[in-house]
Structures are given as C-alpha cells and as structure tokens.
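>>> I'll drop the sequence and a predicted model, then ask my questions.
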Amino acid sequence: MSNSPRPRARARCWAWRYPDGTELPGIGLFTNNILQAHLTPAQARTMADRLHDLADQIETTNRNPPGDTE
C-alpha cells in the first residue's frame, strides 16, 4: 500500500459548453479541480443508484465483489 492519498472525486453543477456556444446543464465530476466527466441529470441519478447499490453490497459482504470494476 502506498502512502499517497486516495484519489477523490468531487461533484458540482456544471454546464458543458459546445463549440457553438450552447450549454448542456449537468453535473461535473472533478479531481484536483480538473473536469473528469460530465453527467446529465439522468446519468447522475443512474450513477447515484449504482453507487448506492455498490455501497450496500460492500457493507453486506464486507468486501468488494470480485471482478466488479465499473
């Protein structure tokens, strides 16, 4: 195990701007203030459900499921 800090993601409201100037409101996921992903509200809800399911699974089994890297 390394002494380096675990990578952390932070979420905040963020509008994706297309080259033509139009914007797509959504959620930006950032690490070290660098945008890593942009999610629409629907995508953010789907990811939140998945994260919740994975947290429940870890707490129930007290381990990460094998091969689950999504």
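Noted; the coordinates are in hand.
>>> Which helix or which strand is home to G26?
Here G26, judged by DSSP states H and E, is contained in strand 23-31.
>>> quick one: buried residues of the next helix or strand after that strand?
As assigned by DSSP H and E, the chain's next helix or strand after strand 23-31 is strand 34-39. Using 16 or more other Cβ atoms under 10 Å as the test for burial, strand 34-39 gives 38-39. Placement of C-beta: from N, CA and C, glycine included.
>>> Centre of the chain to strand 34-39, how far?
Counting by Cα atoms, centre = their mean, to the nearest Å, strand 34-39 is centred 8 Å from the centre of its parent chain.
>>> before we move on, the earlier item: partners of the strand holding G26, with directions?
Strand pairing for strand 23-31, using DSSP bridges, gives strand 10-17 (antiparallel), strand 34-39 (antiparallel).
>>> Quickly list what W14 is bridged to.
Beta bridges link W14 to G26, judged by DSSP bridges.
>>> Number the residues from 298 up from this point.
That works, and once the first residue is 298, the last one we named lands at W311.
>>> From T337, how far off is T343?
9 Å (Cβ to Cβ, to the nearest Å).
>>> for A345, that is, sorry about that
13 Å.
>>> Turn the strands paired with strand 320-328 into a markdown table, including distance to T358 and mean pLDDT.
A markdown table is the format used below for the strands paired with strand 320-328 (distance: least, Cβ to Cβ, whole Å; pLDDT from 0 to 100):
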| stretch | distance to T358 | mean pLDDT |
| --- | --- | --- |
| strand 307-314 | 26 | 97 |
| strand 331-336 | 27 | 97 |
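>>> Reformat the ones you listed as TSV; add distance to I324.
As requested, the strands paired with strand 320-328 are arranged in TSV below (distance: least, Cβ to Cβ, whole Å):
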stretch	distance to I324
strand 307-314	5
strand 331-336	5
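>>> Noted, bye for now.
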